[in-house]
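In: Below: sequence and its predicted model.
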Amino acid sequence: MESLLDALKLPQRRKEDTLLLAGLSMASVSIIYSIYRLYQVKGTSKLEAGLNKIPSPKLSLPFVGHILSIGADANKQFIKWHEELGPIFQIKMGRQTWIMISDRQLAQKVLVTHGAETAFRPYNTWGYRYYSFNGFGIGFSQPGQHWNKNRAAALTVLAPKNIDKFEDAIVSETEYLASMLLKATLAKGSVDPRKHFELVSTNVIYSTCFGSRFTAITDPKFYALSEMGKENMVLAGFQHDLPNFLPFLSFVDRFIGTEAKMRHHIDTKRDPTYRQLIKEARLMQGPNLVKSIDESSFDMTDDELLVFTSDFMLGATDTTSVTLAWSFAILCHYQDVQQKLIQELDEFISVHGRIPRFKERNEIPYTVAVMRECMRFRAMTPIGVPHSVNQDLVVDGYLFPKGCTIVYSTGSMHMDPDYYTNPKAFQPERFINNTKTMMAAANGRLSDRDHFAFGWGRRICPGIYLAEMEIFYAFVQLFARAEILPDKKLPDIDGVQASGITFTPNPYTLKCVPRTNAVV
C-alpha cells in the first residue's frame, strides 16, 4: 500500500519553480491586459478627429464586454442605460461594437437618410449560412442583386392593392378566431389565446403563399409548422450565435454541436417541408404566391423561392400573433377601455348593420387608437432587428465604424417622455386623431409615426399593411361579439419570454365571454 501511495504522490515543486511560474503568470496577465487595452484603444482612436464620444455603461469586462451586464430582460436594461447615458450609447458584445439609439431624430438620419449605408445586416451564422443559403431571401441577406430582387417581389405581393384582394379571407379568418375563443371559454371556462392567435395569422399568410389553410390548432400539420417556426426563431437568437461574439467559444460550439443542429433542422425539417408545400401549391386550384412568382419576371430559383416563402411565413406569423397576445393581455387590465371600444363598434354596427371594413377605420377612431397604444405600450420587439454598416459613417458628429452593429431601442422610443405624455400610462386617447394606416405613417414624415415596431429605412417590414389589417379585424370581430375578462388572475404584462427575435408575454389565460347586448 505504501508503494502505491508513493507512486501517486505528485513531485514537490521547488521554490525556484514557484517563482518562475508566478513570474510567467504575471507576464501572461500583463500581456492579456495589454491586448485588451489595445483592443479598446483601437475602437476609440478615431475620436482624435474631434468627433463626439459615444458613452458606454460601466461594468465592461475584458473580452466579454457588457454581455454579462444585460441580464434576463434586455429591454429593461437598455431603457435603464438610455436613462443614465442618453439617447445614444455603445456596448461591447464580445468582439462586436453595438451602438444603441433611442432618439427618433437620430435614428431617422442614420437609418433613413443614410439608408443605403446602413441597410446591411450583422453576420449571423444561422441566418446567413444555413437559413438563407448564404444570402437568399429578405431577412438575413445583404443589399445586392438577390436582396433587391426579393425585396421588390415582397413589396409587389404585399402592396395594399394586392392585400385588399385578400380582405374577405382575413374577415373570415378573424371571425373564426372569435368563434374559437368563445367556444373554448364555454367548454373549459377559460382559454390560452396564444395558439389561436398563431393559427389565424398563420392561415392568412399560409393561404396567401400556398392556397390552403388549417382548420384547428390541433391539426398535426399546423402544430409541426408552428414548432418549426419557433425553432427557427430560437436558432436565430443570440445564444446560438456566441462564436461571432466570443470567438474563443468556437471550440465549445463545435463540442456541443450547435452548427450540427442547424444543419439537421434545415436538412430534415425546413427544406423538406417547404419543398413539399411549394410542390403542392403549384398544383393547387386558384391563385397563390408560389404560382404568381413562377409566372412573374422575378426569375427565382427553387432555393430562392424556398427562402422567400419561409421569410413570408415567419415574418407574417410570429410578429402578428405576438402583437395580438400582448394586446389582449393588456386589455384584460383595462375594462374601461374595452367598454368604450365596444360602444364605438356597436354604434357603427347599429347604423350600418355590419362590422366596419378596414377602409372605414376613420369612423372608429378609438378602436384604431387602442390598437396603436397596445403596440406602443408593449413592443413585440423591444429592440429592432440590427443593422450594420460596411464603411465608416459619421452622423451628427457620431462615428459609426465599419462593421459595427446599429440597434434602435424600440422600447425606449416608445417610452420617450419628450414625445409621449406620461408614457408609462396606457392612454389610447393619445392616438385618437391618427387613423391613417401604419404603413402610411411609417413611410411618411417622422412626426406622423405613432410607433416603431415595424422598423426603419430600407429594412422596414414590407408586410405592415397586411399585419395592421389582421390586427384590425381581430379587434373588430372579437369585441363586436364578446368582452375579454381575466381568468383567475390578471395576465402578467411586466414579465417577458424571449423567443429568439420577439419578446412574448408570459403564458396567461382569459375568458372570452359573449356579450348579451351584442348587435351582431
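Out: Now that the structure is in, tell me what you want to look at.

In: my guess is residue 245 contacts residue 92, does it?
Out: No: the pair formed by residue 245 and residue 92 falls short of the contact definition of Cβ atoms under 8 Å, at 9.4 Å. Every residue, glycine included, has its C-beta placed from N, CA and C.

In: Contacts for stretch 476-487 next, please.
Out: 171, 174-175, 177-178, 181-182, 189-190, 328, 331-333, 335, 338-339, 341-342, 345-346, 349, 355-356, 364, 367, 508-515, 518-520 (Cβ atoms under 8 Å, 6 or more residues apart in numbering).

In: Neighbour count: residue 245 and residue 92, which is higher?
Out: For residue 245 versus residue 92, neighbours defined as other Cβ atoms under 10 Å are more numerous around residue 92 (22 against 18).

In: What separation is there between that one and residue 80?
Out: 17 Å (Cβ to Cβ, to the nearest Å).

In: Nearest spatial neighbour of residue 269, chain-adjacent residues omitted?
Out: Setting aside the residues directly before and after it, residue 269 is nearest to residue 228 in space (Cβ to Cβ, 6 or more residues apart in numbering), at 5.3 Å.

In: Who are the contact partners of the one you found?
Out: With contacts taken as Cβ under 8 Å, 6+ apart, residue 228 has the following neighbours: 265, 269, 270, 273.

In: ok, 7 Å please
Out: Shown here is residue 228, whose contacts under the criterion Cβ atoms under 7 Å, 6 or more residues apart in numbering are 269, 270, 273.

In: How many residues are close by the nearest residue to residue 137 once chain neighbours are set aside?
Out: Computed as Cβ to Cβ, 6+ apart, the closest residue to residue 137 that is not its neighbour in sequence is residue 307, at 3.7 Å. If you count neighbours by other Cβ under 10 Å, residue 307 ends up with 26.

In: Tell me the first helix or strand C-terminal of whichever strand or helix holds residue 307.
Out: Using DSSP states H and E, residue 307 maps to helix 302-331. Scanning forward in sequence from helix 302-331, with DSSP H and E defining helices and strands, the next element found is helix 335-352.

In: Does that next one pack against any helices or strands, and if so which?
Out: For helix 335-352, the helices and strands in contact under the criterion 3 or more Cβ pairs under 7 Å, 6 or more residues apart in numbering; DSSP states H and E are helix 365-377, helix 464-479, strand 482-486.

In: For the stretch 401-520 of the chain, which residues score under the pLDDT cut-off?
Out: 499-501 (pLDDT under 70).

In: where along it do the helices fall?
Out: In the stretch 401-520 of the chain, the helices defined using DSSP state H, counting those that start in this stretch lie at 410-414, 438-442, 464-479.

In: and the second one, which residues are buried?
Out: Neighbour counts over helix 438-442 (16 or more other Cβ atoms under 10 Å) mark 438, 439, 441, 442 as buried.

In: Thought residue 466 was touching the first one, still the case?
Out: Going back to what we said before, that points to residue 438. No: using Cβ atoms under 7 Å, residue 438 is not in contact with residue 466, being 10.7 Å away.

In: hmm, back to that, of all pairs in the buried residues of helix 438-442, which one is the farthest apart?
Out: Within the buried residues of helix 438-442, two members stand farthest from each other by Cβ to Cβ: 439 and 441, at 7.3 Å.

In: in this structure, which ranges drop under the pLDDT threshold?
Out: Within the chain, the ranges that satisfy pLDDT under 70 run 1-49, 499-501.

In: hmm, try it at 80
Out: Of all residues in the chain, those with pLDDT under 80 make up the ranges 1-50, 72-73, 252-254, 498-502.

In: Leaving out chain neighbours, which residue sits closest to residue 334?
Out: residue 426 (6.0 Å).

In: pretty sure the one you found is touching residue 375, no?
Out: No: in this structure residue 426 lies outside contact range of residue 375 using Cβ under 7 Å: 11.7 Å.

In: and whichever strand or helix holds residue 175, how far from the chain's centre?
Out: Mapping residue 175 onto the secondary structure by DSSP H and E places it in helix 167-188. On the basis of Cα atoms, centre = their mean, to the nearest Å, helix 167-188 sits 25 Å off its chain's mean C-alpha point.

In: Helices of the stretch 1-150 of the chain, start to end?
Out: With helices called from DSSP H, counting those that start in this stretch, the stretch 1-150 of the chain shows them at 2-8, 15-44, 74-85, 104-108, 145-157.

In: Going by neighbour count, list what's buried in the third one.
Out: Going back to what we said before, that points to helix 74-85. So for helix 74-85, counting by 16+ other Cβ under 10 Å, buried means 74, 75, 77, 78, 79, 81, 82, 85.
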